[in-house]
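Sequence and predicted model, in that order:
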Amino acid sequence: ATPPDGKTLVYPSDGCWAVSVDGDPDRPRVSEPRKCFDGPDRAVDGDLSPDGRWLAYATQLSQSEIYVRSFPDTGGKWQVSLGGGGRPAWSWRASELLFVSAREELMTAPYRILGNSFSSGTPKRWPTPSIFDGQRLYTVAPDDRSVIMLVSDDVSPQQEQRVSILLNFLDEVRRRLSGQ
């Protein structure tokens with residue numbers, strides 16, 4: 001995960017790590033790796049918010065859950081998922097955090113930021129086909145109008161696979177959640 005300024009890279013490697021990148025793009029200088037935060041949480045699937053101030057991640061504890069912390073960490077963590085979750089992704093413009101539930105369903109949770117405090121609303125299921133196990137195989141477009149994901153149609157390995165593109169994704173989520 002990289003914030004818009006392109007100067008920090010967050011990556012998983014036995015936890016959550018970050019490096020700073022400076023200098024000429026042809027010959028960048030990379031800092032020594034540093035842990036994203038200290039503590040018992042073993043973070044995987046980290047994603048930085050579009051403004052680079054918040055880190056969403058999944059834990060690798062007894063049950064994987066989605067949490068958010070300030071970045072760099074100044075203390076405090078906020079749970080977003082209820083009943084398991086992984087592979088978080090921030091909406092670029094809307095105040096929504098997406099993740100995959102323990103049942104492999106795409107979820108969206110509204111959030112608010114007040115100063116140095118984060119709060120999220122109740123996650124809602126987005127009616128999509130199941131998501132492949134493993135890596136996060138979806139992304140939110142920078143204009144928040146579409147989500148591109150790899151979905152499972154229970155296709156055998158010998159059959160043709162396809163990619164689905166969901167247009168106006170977050171507009172549709174908001175429409176469905178408002179009951180229209």
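Everything's here; your move. Here the structure is a predicted model, which is why all the values come from computation and not from measurement.

For Arg125, give the beta-bridge partners.
Following DSSP bridges, Arg125 is listed with bridge partners Met107.

From what I see, it and Met107 are in contact.
Yes: applying C-beta atoms under 8 Å, one finds Arg125 in contact with Met107, separated by 5.9 Å. Heads up, the C-betas are built off the backbone N, CA and C, glycines and all.

Residues that sit against both of the two, list them.
Ser101 (C-beta atoms under 8 Å, 6 or more residues apart in numbering).

who's more crowded, those two?
The neighbour comparison of Arg125 against Met107 (other C-beta atoms under 10 Å) goes to Met107, with 22 against 13.

thought that one was touching Glu96?
No: Met107 lies out of contact with Glu96 (C-beta under 8 Å); the separation is 10.0 Å.

Which helix or strand in the chain has the lowest average pLDDT?
strand 164-167 (a mean of 56; mean pLDDT, DSSP states H and E).

Pull the number of nearby residues for the residue lying closest to Asp22 once chain neighbours are set aside.
Counting by C-beta to C-beta, 6 or more residues apart in numbering, Asp22 lies nearest to Arg29, which is 5.1 Å off, once chain neighbours are set aside. Other residues near Arg29 come to 9 when the count uses other C-beta under 10 Å.

do the same with Pro88
Neighbours of Pro88 using other C-beta under 10 Å come to 25.

Quick check: it vs Arg175, distance?
To Arg175, Pro88 is 23 Å away according to C-beta to C-beta, to the nearest Å.

Quick one: mean pLDDT over stretch 33-43.
Averaged across stretch 33-43, pLDDT comes to 82.

Now that stretch: buried residues?
Neighbour counts over stretch 33-43 (16 or more other C-beta atoms under 10 Å) mark 36-37, 41, 43 as buried.

can you redo those as CSV with secondary structure and distance to Ala58?
Formatted as CSV, the buried residues of stretch 33-43 follow (DSSP: H, G, I helix; E, B strand; the rest coil; distance: C-beta to C-beta, whole Å):
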residue, secondary structure, distance to Ala58
Cys36, coil, 13
Phe37, coil, 14
Asp41, coil, 9
Ala43, strand, 7
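
Now the two most distant members of those residues.
Cys36 and Asp41 (9.6 Å; C-beta to C-beta).

Hmm, Gly85 and Val100 touching each other?
Yes: contact criterion C-beta under 8 Å: Val100 and Gly85 qualify, at 6.6 Å.

okay, and the common contacts of those two?
Taking C-beta under 8 Å, 6+ apart as the criterion, Val100 and Gly85 both touch Met107.

Next, the distance between the ends of stretch 99-117.
Its first and final residues considered, stretch 99-117 spans 20 Å by C-alpha to C-alpha, to the nearest Å.
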